[in-house]
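Asks: the following block contains a protein sequence and its predicted model.
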Amino acid sequence: MADAGLVSVSVKTARLMRGMDEKECQRRNALSRTKPGFALKSGDTVKVVESFNDGFLVEAGATRKDSCDWMGVLYPSELEIS
């Protein structure tokens with residue numbers, strides 16, 4: 001059964017409106033590990049994986065189709081949807 005809080009998403013990519021330093025990326029990472037030194041800059045493009053009522057699950061640093069360096073929830077004010 002789908003989570004009632006989920007909203008379907010047709011968005012594929014978004015641009016970050018603000019950067020996140022290494023510490024914030026580590027704190028907000030949903031993956032078990034964070035690549036050392038990984039940070040996000042304002043203007044970086046991220047892939048939108050899922051949409052919720054109050055945010056988006058996104059991934060960044062995808063080096064392969066089935067892999068990424070960072071995954072976390074970002075708020076609508078932190079993204080510019082394309």
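Replies: Cool, got the structure. Numbering: from 1, shown residues only.

Asks: tell me where the chain has strands.
Replies: 6-7, 13-16, 45-52, 55-60, 70-74, 79-81 (DSSP state E).

Asks: so which of these is nearest K35?
Replies: Closest approach to K35 among the strands of the chain (Cβ to Cβ): strand 70-74, 7.4 Å. Placement of C-beta: from N, CA and C, glycine included.

Asks: any idea what G55 is bridged to?
Replies: F52 (DSSP bridges).

Asks: ok, V73 next?
Replies: L57.

Asks: thought it was touching F56?
Replies: Yes. At 6.9 Å, V73 counts as touching F56 under the criterion of Cβ atoms under 8 Å.

Asks: what about E24, how many residues close to it?
Replies: E24: 14 surrounding residues under other Cβ atoms under 10 Å.

Asks: need the contact list for the residue nearest to D69 when sequence neighbours are not counted.
Replies: Spatial nearest neighbour of D69, excluding adjacent residues (Cβ to Cβ, 6 or more residues apart in numbering): G61 at 2.9 Å. Listed by Cβ atoms under 8 Å, 6 or more residues apart in numbering, the contact partners of G61 are K35, F38, C68, D69, W70.

Asks: check V49 too.
Replies: F56, L57, V58, E59, M71.

Asks: residue contacts, the first one?
Replies: Looking back up the chat, that one is F56. F56 makes contact with V9, V11, A14, V48, V49, E50, V73, L74, Y75, P76, L79, according to Cβ under 8 Å, 6+ apart.

Asks: and the third one, how far from K23?
Replies: In this structure, A14 and K23 are 22 Å apart, going by Cβ to Cβ, to the nearest Å.

Asks: more neighbours, the two?
Replies: A14 (20 against 10).

Asks: check what pLDDT the closest residue to the more buried one other than its chain neighbours gets.
Replies: Once flanking residues are discounted, A14 sits nearest to L79: 4.2 Å by Cβ to Cβ, 6+ apart. With respect to pLDDT, L79 scores 95.

Asks: is it true that L79 touches V58?
Replies: Yes. Between L79 and V58 there is a contact at 7.5 Å, judged by Cβ under 8 Å.

Asks: centre-most residue in this protein?
Replies: Against the mean C-alpha coordinate of the chain, by Cα atoms, centre = their mean, the closest residue is V58 at 2.5 Å.
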